[in-house]
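Asker: sequence and computational prediction follow.
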Amino acid sequence: MGLKIWLNDKLVDEADAKVSVFDHGLLYGDGVFEGIRVYSGKVFELKAHIDRLYESASAIRLKMPVDRETMTDYLLQTVAANNLDDGYVRLVVTRGVGTLGLNPLVCEKGQIIIIAATIQLYPREIYENGLKVISANTMRNHPLAVSPQIKSLNYLNNILAKLEALDRDMLEAIMYNHMGYVAEATGDNVFVVRAGKVYSPPISAGSLEGITRAVVIKLARELGYDVLEQNLTRYDLYVADEIFLTGTAAEVIGVVEIDGRTIGMGKPGPITRELLAKFEAYVRQ
Ligand code: PXG
């Protein structure tokens, strides 16, 4: 059976969920999106995702076709229509239909697309054995270019880094910024554990302000860990006791190798596993 897709102002059958080839989301990657989890029928951190969507839109001067309350209502209707208990929602707002040519001002109305489905980023055994990653040569977007804080439909910067990883039979790459500091992974935020303390690059290093990251920082502090947001170098990754990534799709996943160097004991470390367990319990509570 096909999905029910939210398109602009109503639910339509998957087969009828079609958009114009003149949509600037398609022509120029001009738009914003969110990826959101549903756990036990409840949308996880819904307000934070809606707020980030509207902030991304504001940063690219995309006028949202509806207000936050209405958008929230559309999303909940889509989740309900697809009987989603555990799943993944992709909420997309494009610049809308325009003419050929960059000018976004000719696009009359932003287009809303909401897909409620499922996602599996990494197989279960990677959570047990850990992820192997590389340092990408592709630098994270400069903050004066497309700000890494905007969750835009233009993911080429991250896709190029992801390809570097895939070329080496790995699933993730760490991206560095123009100063040489760790920014983030291609679709996840980065954490390092060293001597019992937990570190993550500040958002200003060129990362998306991850919603999972914020939850994990909160949970780590509740568990009594010092969490420090400070710039990290490749050296800090190489000598880390533990590295883990956080994201909507990945949740909390340990990294056990980077650039051919083994991290810690070559298995997801104790603090990574503790935080994953705490996170799993938190999303179900
Ligand atoms: N950095 C980037 C560049 C991301 O795209 C994160 C960090 C983690 O943020 P959250 O708020 O999710 O903790 C993301 C999120 C996908 C997919 O389909 C990607 C993300 C989320 C969900 C699905 O690849 N990226």
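Answerer: Arrived safely, thanks for sending.

Asker: rest of the way, CA atoms for contacts and neighbours
Answerer: OK.

Asker: looks to me like residue 76 is in a helix.
Answerer: Yes: counting by DSSP: H, G, I helix; E, B strand; the rest coil, residue 76 is found in a helix.

Asker: how close does residue 203 get to residue 47?
Answerer: From residue 203 over to residue 47 the distance is 20 Å, taken as CA to CA, to the nearest Å.

Asker: so those two - more neighbours on which side?
Answerer: residue 203 (18 against 13; other CA atoms under 10 Å).

Asker: excluding its backbone neighbours, what's nearest the more buried one?
Answerer: Leaving out its chain neighbours, the residue that sits closest to residue 203 by CA to CA, 6 or more residues apart in numbering is residue 209, at 6.0 Å.

Asker: same check, this time on residue 252
Answerer: Across the structure, with CA to CA, 6+ apart as the measure, the residue nearest residue 252 apart from its sequence neighbours is residue 246 (4.7 Å).

Asker: residue 79 now?
Answerer: Once its chain neighbours are removed from consideration, residue 79 has its nearest residue in residue 116; the separation is 5.8 Å (CA to CA, 6+ apart).

Asker: and the pLDDT at the one you found?
Answerer: The predicted local confidence for residue 116 comes out at a pLDDT of 97.

Asker: since we're on it, how many residues are nearby?
Answerer: For residue 116, the count of nearby residues is 28 (other CA under 10 Å).

Asker: same question for residue 26.
Answerer: Residue 26 is surrounded by 18 other residues when neighbours are defined as other CA under 10 Å.

Asker: re earlier: I'd like the next helix or strand past whichever strand or helix holds the residue nearest to residue 252.
Answerer: When secondary structure is defined using DSSP states H and E, the element that contains residue 246 is strand 242-247. Sequence-wise, the next helix or strand downstream of strand 242-247 (DSSP H and E) is strand 251-258.

Asker: now that next one against strand 242-247, angle please.
Answerer: Between the axis of strand 251-258 and that of strand 242-247 there is an angle of 140 degrees, by axes from the mean of the first three to the mean of the last three CA atoms, to 10 degrees.

Asker: strand 251-258 close to the ligand?
Answerer: No: Strand 251-258 lies apart from the ligand when judged by CA under 6 Å from any ligand atom; the minimum separation is 7.5 Å.

Asker: run through who's touching that strand.
Answerer: 126-127, 129-135, 212, 237-238, 242-246, 262-269, 272-273, 275-276, 279 (CA atoms under 8 Å, 6 or more residues apart in numbering).

Asker: what pairs with the next helix or strand after it, parallel or antiparallel?
Answerer: Sequence order places strand 261-262 as the next helix or strand after strand 251-258, per DSSP H and E. Partners of strand 261-262 in the sheet, by DSSP bridges, are strand 251-258 (antiparallel).

Asker: ok now the partner strand, how far from the chain's centre?
Answerer: 16 Å (CA atoms, centre = their mean, to the nearest Å).

Asker: just the C-alpha atoms of it, please, in CSV.
Answerer: What follows is the C-alpha trace of strand 251-258 in CSV, where atoms were taken according to Å, rounded to 0.1, in the frame of the first residue of the first chain:
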residue,chain,number,x,y,z
GLU,A,251,20.9,8.3,17.3
VAL,A,252,24.2,7.7,19.1
ILE,A,253,26.8,5.6,17.3
GLY,A,254,30.4,4.8,18.3
VAL,A,255,33.3,5.4,15.9
VAL,A,256,36.1,2.9,16.3
GLU,A,257,38.5,3.9,13.5
ILE,A,258,39.5,7.1,11.8
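
Asker: would you mind listing the buried residues in it?
Answerer: By neighbour count, with 16 or more other CA atoms under 10 Å as the criterion, the buried positions of strand 251-258 are 251, 252, 253, 254, 255, 256, 257, 258.

Asker: what does stretch 114-133 give?
Answerer: By neighbour count with 16+ other CA under 10 Å, stretch 114-133 contains the buried residues 114, 115, 116, 117, 126, 127, 130, 131, 132, 133.

Asker: in helices only, show me those residues.
Answerer: 126, 127 (DSSP state H).

Asker: which ones among the buried residues of stretch 114-133 are found in strands?
Answerer: 114, 115, 116, 117, 131, 132, 133 (DSSP state E).
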